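Asks: Attaching a predicted model along with its sequence, questions to come.
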Amino acid sequence: MFTLILMLIVFILGYLAIALEGPIKVDKAASALFLGVVIWVVYIYGLPSVLNLGFSPSWNNFLKSSELADFKNKYPNIGLLGQMKYFVTSHEVVAHLGDLSQILFFLLGAMTIVETVDQHEGFRVITDRIKTTKKVKLLWILGTITFFLSGVLDNMTTTIVMIALLRKLIDDKKTRWFFASVIVIAANAGGAFTPIGDVTTIMLWIGGQVTAIDIMGMVFLPSIISLIIPLAAISLYIKGEVEKPHVSDNGSRTKPNERMLMLAMGIGGLIFVPVFKELTDLPPYMGMLLSLSVLWITTEILHKKASEEDRRRFTVVGVLKKVDIPTILFYLGILSAVAALESAGHLQIMASYLDKNMHNIYGIDGIIGLLSSIVDNVPLTAAAMGMYPIMTHAMVAASAEPAFMHHFIQNGAFWELLAFTAGTGGSILIIGSAAGVVAMALEKIDFIWYMKKIAWLALLGYFAGIFTYWLQNEFIFHH
């Protein structure tokens, strides 16, 4: 038990170092990487005291697996500690690295595509059409675009695209932080209601807990309410006009048709990713890398006669040097730390505790959403999916609590609300979601600033969304 608690303490201290990046003057990527490795070190040195408690679902599954039987046949004299070490080093670390790599390559591909479009001034095609400088109007325009774009792209990619736009529209850093934070709330809200917009909804859709049409029908209204409430609150006290950055056409090295082509290829390439996944069943990062390669080839052909300086500036080779690598390393560290907690069974302990002590779907989902602002929502959703099987009507009828268990059939209220809470709860803290992490890294948003200025707005929207879902479910659809 001591190691389990020590892992939790290490996680909290690492998290504090990330949150206090400003005061302690240590880059959050460095703190995250340190945390991501040290927590596994603590885990592996206290293996028996963690795994013998029986809380780790992956260890319990491993004990029954043919992989362990093969390992014992190969090394008949190896003891239990040797088996545990093999489980962590060859099974857990490798499996989690596979999942992590998919996210990191996806992120690298998306950031490079957006940076390439930006380098060709592709976003001017959109920003030149947004004439307003009124803060409130601009806030609603950007919030709405982000919400619907995030339903088609995923929320991380949408945030990267929208922040590239934001830089062309707003000069002042603090004002841009405010708008970037609204983009995070809008991206998470928009991602929650479609089966491809957010990784948690994708998990529930692929797992068979929800169907595409149902999730869009039942979660759309709560999602849009969770954005409208913060937007309305900000509109009450944000005043004045934004100052646009000065752009002179004299320094422009791209032609209008080049800009248009790059914007169309960039956005088209990003939208192609979910289509690629649907057509091939291959992971989304492969679709992202395919889109990047097509864009890369296009830039090489476009600039083959250009000067050496222009080739360096406009082709993907040059753009890659500008991509924000610390963001990717930050992700690696934080997700690696959460993977250790998942492997050791911390999330399973929490899931069982909620089931036993709360036994109310709105309460359980509400707390999972709040926790997703601290812990990555992917392992949280996985833990919630592991808590309950997908019930059939026959299983519900045979259970001791049919009224409660009815919420766990396919398209049941528990799963629909989980898609909403796990997706939007991440907006409450800036490191709680993929969109937030990307915005924080690209705009250097301060963790404490976000907590003071934005967290309460996101929280208002979050609870308003849950209340909307409750009204829908209890009084309109009765399901």
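Replies: Nice, I can see it. Being a predicted model, the structure only gives us computed values, none of them experimental. Numbers count the residues shown, from 1 in each chain.
Asks: residues contacting the residue lying closest to residue 96 once chain neighbours are set aside?
Replies: In space, and not counting its chain neighbours, residue 96 is closest to residue 339: 3.9 Å by CB to CB, 6 or more residues apart in numbering. (C-beta placed from N, C-alpha, C; glycine too.) Residues near residue 339 by CB atoms under 8 Å, 6 or more residues apart in numbering: 92, 96, 99, 100, 379.
Asks: Residue 278: neighbour count?
Replies: Per other CB atoms under 10 Å, the neighbour tally for residue 278 reads 11.
Asks: gap between it and residue 154?
Replies: For residue 278, the distance to residue 154 equals 14 Å [CB to CB, to the nearest Å].
Asks: do residue 229 as well
Replies: Going from residue 229 to residue 154 by CB to CB gives 23 Å.
Asks: So which elements touch the helix or strand of the chain with the lowest mean pLDDT?
Replies: In the chain, no helix or strand scores lower on mean pLDDT, DSSP states H and E than helix 377-387, which sits at a mean of 74. Here helix 377-387 touches helix 199-207, helix 325-344, helix 346-357, helix 361-371, helix 413-424, going by 3 or more CB pairs under 8 Å, 6 or more residues apart in numbering; DSSP states H and E.
Asks: which of these is buried the deepest?
Replies: Mean neighbours per residue, mean count of other CB atoms under 10 Å, is largest over the helices and strands packed on helix 377-387 for helix 413-424, with a mean of 28.
Asks: which is the next helix or strand following that one?
Replies: helix 434-443 (DSSP states H and E).
Asks: What is that following helix packed up against?
Replies: Against helix 434-443 (3+ CB pairs under 8 Å, 6+ apart) you get helix 155-169, helix 173-192, helix 325-344, helix 447-453.
Asks: Check the secondary structure at the residue sitting furthest away from the middle of the chain for me.
Replies: In the chain, the greatest distance from the average C-alpha position (CA atoms, centre = their mean) is reached by residue 77, at 43.8 Å. Three-state assignment for residue 77 (DSSP: H, G, I helix; E, B strand; the rest coil): coil.
Asks: per-residue confidence at it?
Replies: Confidence at residue 77, expressed as pLDDT, is 85.
Asks: Can you give me the distance of it to residue 83?
Replies: Look at residue 77 and residue 83: by CB to CB, they are 12 Å apart.
Asks: Phi and psi next, for the residue farthest from the centre of the chain.
Replies: Residue 77 adopts backbone torsions of phi -90, psi 0, taken as degrees, to the nearest 10.
Asks: Quick one: low-confidence residue ranges for the stretch 351-479 of the chain.
Replies: Per-residue confidence for the stretch 351-479 of the chain (pLDDT under 70) gives these ranges: 379, 478-479.
Asks: do that again at 90, thanks
Replies: Applying pLDDT under 90 to the stretch 351-479 of the chain picks out residues 351-361, 364, 368, 371-413, 423, 426, 430-438, 440-448, 473-479.
Asks: Centre of the chain to the helix or strand where residue 98 lies, how far?
Replies: Assessed by DSSP H and E, residue 98 sits inside helix 93-119. Relative to its chain's centre, helix 93-119 lies at 12 Å (CA atoms, centre = their mean, to the nearest Å).
Asks: Can I get the helices and strands packed on helix 434-443 in CSV including distance to residue 244?
Replies: Compiled in CSV, the helices and strands packed on helix 434-443 are given as follows (distance: least, CB to CB, whole Å):
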stretch, distance to residue 244
helix 155-169, 6
helix 173-192, 11
helix 325-344, 26
helix 447-453, 23
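Asks: closest to residue 264 out of these?
Replies: Ranking the helices and strands packed on helix 434-443 by proximity to residue 264 (CB to CB) places helix 155-169 first, at 13.3 Å.
Asks: What helices and strands are in contact with the closest one?
Replies: With 3+ CB pairs under 8 Å, 6+ apart as the test, helix 155-169 has helix 93-119, helix 124-127, helix 135-152, helix 173-192, helix 256-280, helix 434-443 packed against it.
Asks: Give me the buried positions along the fifth one.
Replies: What that stands for is helix 256-280. Neighbour counts using 16 or more other CB atoms under 10 Å place 258-259, 261-263, 265-267, 269-270, 272-274, 276-277 of helix 256-280 among the buried residues.
Asks: again with the first one
Replies: Of all the residues in helix 93-119, those buried under the rule 16+ other CB under 10 Å are 93, 96, 100, 103-119.
Asks: okay, the nearest residue in space to residue 46 that is not next to it in sequence: pLDDT?
Replies: Leaving aside its sequence neighbours, residue 46 sits nearest to residue 3 (CB to CB, 6+ apart; 2.8 Å). If you check residue 3, the pLDDT there is 91.
Asks: Run the angle between the helix or strand where residue 3 lies and helix 325-344 for me.
Replies: Under the criterion of DSSP H and E, residue 3 resides in helix 2-19. Computed by axes from the mean of the first three to the mean of the last three CA atoms, to 10 degrees, the angle separating helix 2-19 from helix 325-344 equals 160 degrees.
Asks: show me the contacts for the nearest residue to residue 291 once chain neighbours are set aside.
Replies: Among residues not flanking residue 291 along the chain, residue 269 sits closest, at 3.2 Å (CB to CB, 6+ apart). Counting by CB under 8 Å, 6+ apart, residue 269 touches 113, 291, 292, 294, 295.
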